[in-house]
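**Student:** Need a 3D model of the following:
(4 chains)
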2 protein chains.
Amino acid sequence: MAIDLKAEQALKLWHEVSMAMVHGNEPDLTQRQFTILLTVYLEPPPHTVRGLAARLNVTKPVITRALDTMGAMKLLKRRRDERDRRNVIIQRTVEGSLFLETFADTVRTKARELPR
Amino acid sequence: MAIDLKAEQALKLWHEVSMAMVHGNEPDLTQRQFTILLTVYLEPPPHTVRGLAARLNVTKPVITRALDTMGAMKLLKRRRDERDRRNVIIQRTVEGSLFLETFADTVRTKARELPR
DNA sequence: GCTAAATGATACGGGAACGAAACGAATTTG
DNA sequence: CAAATTCGTTTCGTTCCCGTATCATTTAGC
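**Tutor:** Sure thing, here's the model as predicted:
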């Protein structure tokens, strides 16, 4: 059975979750950063700077900088590809997984509490 | 019947919608700006700078600047409160309604296409 | 080997957002 | 009616993100 949302429910869900994120003290990421994070955690590896840039339709420095920022937050980590040392492989971390699990819980809770 | 999402579905939904927004050519809003927009459109009026600042737990200049930005995009508009001319009332626009309708459609479509 | 291509990082200038503080206008208080 | 308060805006200095162009390293092609 497909997930069927009314327009108002969709907006309310986004609103509730956004409020929770803005109000909470979780690391505040830009839209792009969060999208990069989700891509790394949800799409099949390996993830490279170039690949992510193409996937998200942004320039390479955007990815490099996002990795700097989120790397400092321990949400992601870099690793040299030893088979081709030009490449950098972007990998998940325990902290990142935990962060997204918490986020998913927020979404689920808000979705469950949605008025019909 | 409540909307029941699995953790993976919640993340996938956010990912899909985020990808659509980053990739698309819609106005590029920050997380806070988008949250302000949703608040104005979903919560009962009237909305003031001070009220929104308190609601979102941000400083007043954040609201003022967001109104500048989104006002230029025609997503919101300001009006002086004639009963107390110190106040500014924030109102919806046709363009803003349309923008959010389109966004809601994106969410609905992505939710419907979600794997079980 | 030597050159060309590919990959990610960096430098640079510009623009946008931030918080704190100060400000002007409008209203309320005493 | 003068002083204090309230409200939104502006200013200031800082920080962060952006795209373009360039750089160093590594690999591939001849």
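
**Student:** separation between residue A:14 and DNA strand C?
**Tutor:** Distance of residue A:14 to DNA strand C, computed by Cβ to the nearest atom of the strand, to the nearest Å: 18 Å. Every C-beta, even on glycine, is put in place using the N, C-alpha and C of the backbone.

**Student:** Spit out the contact partners of that residue.
**Tutor:** B:34, B:38, B:103, B:107 (Cβ atoms under 8 Å, 6 or more residues apart in numbering or on different chains).

**Student:** cutoff 7 Å now
**Tutor:** Listed by Cβ atoms under 7 Å, 6 or more residues apart in numbering or on different chains, the contact set of residue A:14 reads B:38, B:107.

**Student:** I'd like to know how many residues surround the residue in chain A that DNA strand D sits nearest to.
**Tutor:** At 3.4 Å from DNA strand D, residue A:85 is the closest residue in chain A, using Cβ to the nearest atom of the strand. Neighbourhood size, residue A:85 [other Cβ atoms under 10 Å in any protein chain shown]: 8.

**Student:** DNA strand D contacts on chain A?
**Tutor:** A:30, A:32-33, A:58-62, A:65-66, A:69, A:83-86 (Cβ under 7 Å from any atom of the strand).

**Student:** again, 10 Å this time
**Tutor:** A:28-33, A:35-36, A:53, A:56-66, A:68-70, A:72-73, A:80-87 (Cβ under 10 Å from any atom of the strand).

**Student:** Which members of those residues additionally contact DNA strand C?
**Tutor:** Of the residues of chain A next to DNA strand D, the ones that also sit near DNA strand C (Cβ under 10 Å from any atom of the strand) are A:28, A:30, A:53, A:59-66, A:68, A:80-81, A:84-87.
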